[in-house]
Each structure stands twice: as structure tokens, then as C-alpha cells.
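Build me a model from this:
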Amino acid sequence: MHVAIAGNIGSGKTTLTTLLAKHYGWEPHYEDVDDNPYLNDFYEEMQRWSFNLQIYFINNRFNQILEIREKGKKVIQDRTIYEDAYIFAPNLHSMGLMTTRDFENYFSLFNLIDKFIQPPDLLIYLRASVPTLVSQIQKRGREYENAIRLDYLKRLNERYEAWISTYDKGKILIVDVDNNNFSEKAEDLGLIINKIDAEINGLF
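Reported below is the predicted structural model:
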């Protein structure tokens with residue numbers, strides 16, 4: 001079984017992945033942040049490094065998906081390959097931070113990969129307002145995230161909402177992070193777990 005968590009930067013994907021992996025005994029697959037060789041350069045010079053970063057992400061995520069399917073274990077994944085393709089890359093392109101040539105090359109690669117992958121059995125989307133995102137980004141204090149602009153987060157949020165409104169690849173559970181503090185309140189996490197149980201029971 002493959003459960004994946006989607007959401008904007010700072011929405012709490014990694015935290016929820018850890019909590020659910022512990023609760024269910026699922027194997028967590030995290031986004032490769034610490035070992036990513038492009039992130040620091042990207043946040044300092046987005047236009048120069050946007051294409052390199054997105055190719056790194058799609059390669060990394062494709063490998064993750066293949067590994068998940070090969071192992072056949074119950075897995076929870078922090079961020080999906082669809083977010084790279086439908087949110088981050090098009091956003092960089094529309095902001096003029098990725099050339100049309102690079103974006104078309106990237107999206108052609110994604111379309112090819114998409115033919116070989118299966119979507120998650122359940123997608124959990126963490127919906128959060130920009131103030132909530134900013135608050136949570138500041139709390140975790142990653143140095144390279146200090147340069148993230150409010151308009152960048154707002155644009156990403158708009159793309160997330162557009163993507164989620166048309167998502168039809170499988171079951172989806174939406175969590176309102178503004179009103180659910182699952183990282184600090186056990187009862188809030190319990191609400192999410194109850195909803196996941198209902199969705200999972202419907203899968204089998």
C-alpha cells in the first residue's frame with residue numbers, strides 16, 4: 001500500500017509522515033532535502049538552477065516510486081512526483097525563472113515517466129494558508145528557506161488548489177492545517193487517523 005502526503009512548503013508533510021509511519025508501522029520515504037546538491041544554489045539564484053533542481057527532484061522521486069513498488073511494503077511518502085510536475089515546475093516557468101525550452105523538455109520527461117508509474121492508493125493533501133506556512137517555516141529554521149518570498153508561497157498555494165480540484169488518480173483526503181495542529185495535539189492527529197482508517201477500509 002502506498003500513501004502519499006502532498007502540500008506546500010511548510011504545511012507539515014514531513015511531520016505528518018513521521019507520525020503516521022510510527023502509528024501504522026509504515027515505512028516512511030522522505031523528500032531528499034539534506035542531500036540535495038541544488039537547493040542552496042537554487043534559493044540564491046533561482047533562474048540559473050531551476051531546471052537542474054527540477055530534474056534532480058523528478059529523478060529522485062521516480063526512483064522512490066520504483067523502489068516502493070518493488071518492495072511491496074506499506075509505505076508513506078513525503079511529497080509526490082505530481083507536485084513537481086503540476087506545481088513547482090510550471091510555477092517557475094510562469095515566474096520567468098525557467099525558460100520555455102527547459103520547461104517543455106522537463107514536462108516531456110514527466111509525461112514519459114507518468115506512463116510507467118502508479119499513483120498512490122491514498123493521497124493526503126495538507127491545505128494551509130500563507131500565514132500558517134510562514135509560521136511553520138520560521139519554526140523549523142532551515143537557512144536556505146529564509147529567502148522564500150510570500151508571493152512565491154501564495155502562487156504555489158494557488159497551483160496546489162487548482163491541482164487538487166482536478167485530481168482524479170485515486171482516493172484523496174484533505175486536511176485543513178489552519179484548524180488542525182496534528183504536530184502538537186494528539187486529538188487533532190487522532191481525527192486524521194480516523195479519516196485515514198475510513199479511507200483505507202474502503203480500499204480493501
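
how much space between the residue nearest the centre of the chain and Gly25?
Nearest residue to the geometric centre of the chain (Cα atoms, centre = their mean): Arg79, 2.7 Å. Between Arg79 and Gly25 the computed distance is 21 Å (Cβ to Cβ, to the nearest Å). Using the backbone N, CA and C atoms, a C-beta is placed for each residue, glycine as well.

Please tell me I have it right and Glu83 contacts Asn8.
No: using Cβ atoms under 8 Å, Glu83 is not in contact with Asn8; the gap is 9.0 Å.

and the two? which has more neighbours close in?
Asn8 (27 against 23; other Cβ atoms under 10 Å).

In this structure, what residue spans correspond to strands?
Applying DSSP state E to the chain gives strands spanning 2-7, 27-29, 75-78, 122-127, 171-176.

Turn those into JSON lines, including mean pLDDT.
What follows is these, written out as JSON lines (pLDDT from 0 to 100):
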{"stretch": "strand 2-7", "mean pLDDT": "96"}
{"stretch": "strand 27-29", "mean pLDDT": "94"}
{"stretch": "strand 75-78", "mean pLDDT": "95"}
{"stretch": "strand 122-127", "mean pLDDT": "97"}
{"stretch": "strand 171-176", "mean pLDDT": "96"}
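
Leu39: which of those strands is closest?
The closest of the strands of the chain to Leu39 is strand 75-78. By Cβ to Cβ, the value is 15.1 Å.

quick check: angle from the longest helix seen in the chain to strand 2-7?
Determined from DSSP state H, the single longest helix within the chain is helix 46-71. Counting by axes from the mean of the first three to the mean of the last three Cα atoms, to 10 degrees, helix 46-71 points 160 degrees away from the direction of strand 2-7.
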